[in-house]
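Asker: Fold the following for me, if possible:
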Amino acid sequence: MKKCLLSILAGALLIVSCQNYDDQFDDLNSQITALASQVAGLSKVQSDLTALQGTVSSLSGSIASTVDTALASGLAGINETVATLEAAIDGIASSEEVAAIQSDVDAAQTDLTELLNNSNVYQGDLTISTPSQLSAALAFGTKLNIVNGNVAITHETTMDADSIQTVVDRINTVVKDFSYLSQSSAIKEVTFSTITGVASLTAKGVGYQFPNLESATNVFLHDEYKSKVSTIAFDKLTSVTTLNTRNGAADTSGTIAFNKATALHLTALKRYPGASLTLRVDEGGVIKIDALDNVDALGKKTALALTIEGPSSVNYTTFTKGTITLKNVATAVVDNNTTGFVIQEGVVSFTSNSVVAFSVGTPSDLETLDITGVKNAAATPVAPAIAFASANDLTNLTLKGAIASVSATSCGNLTNVTISAAVTAGVNLSTNTDLTGVTLTGSSMTGFTFGGNTDMENLTVDTTWTGTTVDGTLTVTDNTSLISLTCSSDNLEDLTVTGNDDLTTLNFAGVTKAGSTGSPSVAI
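Answerer: Numbering: from 1, shown residues only. Next up, the predicted model:
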């Protein structure tokens with residue numbers, strides 16, 4: 001699909017002729033405009049088809065309760081049409097074909113509307129806002145399995161909560177919008193375990209459990225009772241347009257934020273179509289987004305600014321493109337990311353095998369950092385720069401891969417540093433009063449500064465000096481407990497070893513040549 005469309009642009013870019021450049025560019029611009037129109041049209045087709053598929057899937061799951069043979073047969077035909085259209089999308093190569101498939105999608109939607117209008121389902125809007133309307137809804141029985149209209153429930157304190165739950169449990173699919181609004185935080189939680197499909201969803205209550213909901217357009221969760229909301233469950237939700245936290249009439253788009261909730265499940269959601277998504281629960285809670293990889297309707301991964309706050313731990317491997325901001329996440333493992341990370345307060349341990357950009361906010365609770373840096377030619381700097389100053393919680397620092405520069409200074413509890421990374425610039429480890437272990441095996445850098453680390457007793461420097469001009473610089477000063485210094489790194493040009501009061505052993509037997517400049521400077 002994408003190859004077919006993009007081949008138009010590729011052909012446009014390969015225009016070679018003797019005609020006037022203005023004509024060439026006009027022609028090129030018109031082809032690009034046509035391509036953009038095709039892509040936009042294809043996105044709408046895919047979106048409409050996904051919504052239709054979600055509705056049909058939800059309805060199919062409701063048929064067992066309605067025992068409607070005609071509806072089952074009709075849905076099977078529409079489902080077959082949807083499958084055919086999905087297959088056809090992969091071969092689209094022109095705007096005419098996009099328009100034709102859009103027409104077929106619209107026709108399938110019309111067939112579905114007619115099918116529902118002629119089936120044994122609840123026709124029209126279902127409104128429950130008084131005890132008498134609740135009694136009438138109870139009398140409909142299983143006819144409410146499929147509601148061909150809107151459902152609006154206003155749960156007043158005078159209504160029997162068990163009766164409301166009974167009505168809700170009979171609803172499987174709502175063809176239009178579903179709304180449940182509890183009028184008091186004292187009303188016990190109503191769960192929505194049977195609902196599989198809606199258009200838009202608005203809910204206000206002390207819990208939001210929709211574990212079997214598969215598709216929705218816009219989801220609005222009220223936070224007026226947020227201190228009592230403990231569970232937000234959308235375990236099977238695979239298609240959604242927006243997720244919103246609502247307070248009164250105001251919406252915070254791209255956000256589900258309930259700071260007393262202990263669980264937030266978006267377990268099956270693979271893509272969120274907005275630019276950003278913020279998920280927040282109580283500190284120590286659980287956020288499940290294991291399937292999120294953000295592949296768009298054209299099969300391309302799109303960047304998403306993802307913010308995660310509260311869970312005791314995260315372990316993500318599929319969310320590879322987009323910035324991840326972590327806050328109050330005790331243990332975080334995020335692999336395969338190609339965009340970058342922002343680490344805020346409450347993150348104790350962070351591990352990643354792919355870091356192209358990295359920053360730590362203030363205050364920082366980070367104790368353990370174990371990352372592999374990755375180069376990104378489009379970023380500045382090309383590799384992540386690591387800098388810690390007075391980060392008094394930091395105890396262990398492990399750096400691999402490609403790193404722009406390293407600075408860890410005045411980190412009072414830092415005890416171990418392991419660097420096997422290719423560092424573009426230099427490394428500065430200074431005034432870290434608890435530092436006792438440094439390993440540089442397998443690393444490279446332009447220079448190494450090691451000063452004022454008063455607990456360090458034995459230091460081995462076996463890095464490889466690098467740079468445009470390879471003139472290694474080694475500065476070891478004022479490490480008052482340092483007993484021995486061993487260096488085996490060739491191309492050493494500038495050496496300073498002073499103020500190390502207990503130093504008794506210097507071993508430079510492994511150094512066989514000076515730097516490229518060839519005029520070594522030595523101060524011991």
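Asker: State the distance from residue 379 to residue 171.
Answerer: If you measure residue 379 against residue 171 using C-beta to C-beta, to the nearest Å, the figure is 50 Å. To be clear about C-beta, it is placed using only N, CA and C from the backbone, and glycine gets the same treatment.
Asker: so the residue nearest to residue 290 when sequence neighbours are not counted, which of the three states?
Answerer: Using C-beta to C-beta, 6 or more residues apart in numbering and skipping the chain neighbours, the partner closest in space to residue 290 is residue 267 (6.4 Å). Classification of residue 267 using DSSP: H, G, I helix; E, B strand; the rest coil returns coil.
Asker: just to confirm, which helix or strand has residue 103 in it?
Answerer: Residue 103 is located in helix 95-117, with elements delineated by DSSP states H and E.
Asker: and what of residue 270?
Answerer: Here residue 270 is assigned to no helix or strand, by DSSP H and E.
Asker: residues touching it, list them.
Answerer: Under the criterion of C-beta atoms under 8 Å, 6 or more residues apart in numbering, the contact partners of residue 270 comprise 238, 291-295.
Asker: Likewise for residue 124?
Answerer: Applying C-beta under 8 Å, 6+ apart, we find residue 124 in contact with 148-149.
Asker: Look up how far residue 169 lies from it.
Answerer: As defined by C-beta to C-beta, residue 124 lies at a distance of 21 Å from residue 169.
Asker: How about residue 353?
Answerer: Residue 353 is 46 Å from residue 169, where distance means C-beta to C-beta.
Asker: What ranges does the chain have for its helices?
Answerer: Under the criterion DSSP state H, helices of the chain are mapped to 2-13, 21-66, 69-89, 95-117, 131-139, 161-169.
Asker: tell me which residues form a beta bridge with the closest residue to residue 524 other than its chain neighbours?
Answerer: Sequence neighbours aside, residue 497 is the residue nearest to residue 524 in space, at 4.6 Å (criterion: C-beta to C-beta, 6+ apart). With DSSP bridges applied, residue 497 shows beta-bridge pairing to residue 476.
Asker: try residue 278
Answerer: According to DSSP bridges, the residues that bridge with residue 278 are residue 255, residue 307.
Asker: from what I can see it touches residue 257, true?
Answerer: Yes: because the distance of 6.3 Å satisfies C-beta atoms under 8 Å, residue 278 is recorded as touching residue 257.
Asker: okay, and the common contacts of these two?
Answerer: Common contacts of residue 278 and residue 257, defined by C-beta under 8 Å, 6+ apart, comprise residue 309.
Asker: For the residue lying closest to residue 467 once chain neighbours are set aside, give its distance to residue 464.
Answerer: Sequence neighbours aside, residue 446 is the residue nearest to residue 467 in space, at 4.3 Å (criterion: C-beta to C-beta, 6+ apart). Counting by C-beta to C-beta, the gap from residue 446 to residue 464 is 10 Å.
Asker: Looking at these two, which is more packed in?
Answerer: For the pair residue 446 and residue 464, the greater number of neighbours falls to residue 446 (20 against 15), based on other C-beta atoms under 10 Å.
Asker: ok, the more buried one - contacts?
Answerer: With contact set as C-beta under 8 Å, 6+ apart, residue 446 has these partners: 423-426, 465-467, 472-473.
Asker: any idea which of these is closest to residue 375?
Answerer: Proximity of the contacts of residue 446 to residue 375 (C-beta to C-beta) peaks at residue 424, which lies at 9.2 Å.
Asker: That closest one and residue 404 touch, don't they?
Answerer: Yes: here residue 424 lies in contact with residue 404, judged by C-beta under 8 Å, at a distance of 5.1 Å.
Asker: what residues go with each domain of this protein?
Answerer: Per the record, the chain has its domains at 2-117, 312-417, 446-524, by automatic domain parsing.
Asker: any idea which of the ones you listed scores lowest on pLDDT?
Answerer: Confidence, taken as mean pLDDT, is least for domain 2-117 of the domains of the chain (a mean of 55).
Asker: how near is residue 518 to residue 446?
Answerer: When C-beta to C-beta is the yardstick, residue 518 and residue 446 sit 17 Å from each other.
Asker: repeat for residue 160
Answerer: Summarising the geometry, the distance separating residue 160 from residue 446, computed by C-beta to C-beta, is 75 Å.
Asker: swap in residue 310?
Answerer: 41 Å.
Asker: And for residue 504?
Answerer: According to C-beta to C-beta, residue 504 and residue 446 sit 29 Å apart.
Asker: again with residue 352
Answerer: Spatial separation of residue 352 from residue 446 under the definition C-beta to C-beta is 25 Å.
Asker: Residue 354 too?
Answerer: Applying C-beta to C-beta, the value for residue 354 to residue 446 is 24 Å.
Asker: list the contacts for the residue nearest the centre of the chain?
Answerer: When the chain is reduced to its mean C-alpha position, the nearest residue by C-alpha atoms, centre = their mean turns out to be residue 306, at 4.2 Å. Listed by C-beta under 8 Å, 6+ apart, the contact set of residue 306 reads 276-279, 292, 319, 322-325.
Asker: Pipe the residues you listed into TSV and attach distance to residue 436 and neighbour count per row.
Answerer: As requested, the contacts of residue 306 are arranged in TSV below (distance: C-beta to C-beta, whole Å; neighbours: other C-beta atoms under 10 Å):
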residue	distance to residue 436	neighbour count
276	42	16
277	42	24
278	40	19
279	39	24
292	41	21
319	37	23
322	38	22
323	35	16
324	32	21
325	33	20
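Asker: of all the residues you listed, which comes closest to residue 486?
Answerer: residue 324 (39.8 Å).
Asker: hey, what's that closest one bridged with?
Answerer: Under DSSP bridges, the residues paired with residue 324 across the bridge are residue 306, residue 341.
Asker: any idea how far it is from residue 277?
Answerer: 11 Å.
Asker: cool, and residue 299?
Answerer: In terms of C-beta to C-beta, residue 299 sits 20 Å off from residue 277.
Asker: what's the most distant pair in the contacts of residue 270?
Answerer: Spatially, the most separated pair among the contacts of residue 270 is 238 and 294, at 13.2 Å (C-beta to C-beta).
Asker: what are the ranges of the strands in the stretch 401-524 of the chain?
Answerer: 405-409, 416-419, 422-423, 427-430, 437-439, 444-445, 447-451, 458-461, 464-465, 472-477, 484-487, 492-498, 505-507, 521-523 (DSSP state E, counting those that start in this stretch).
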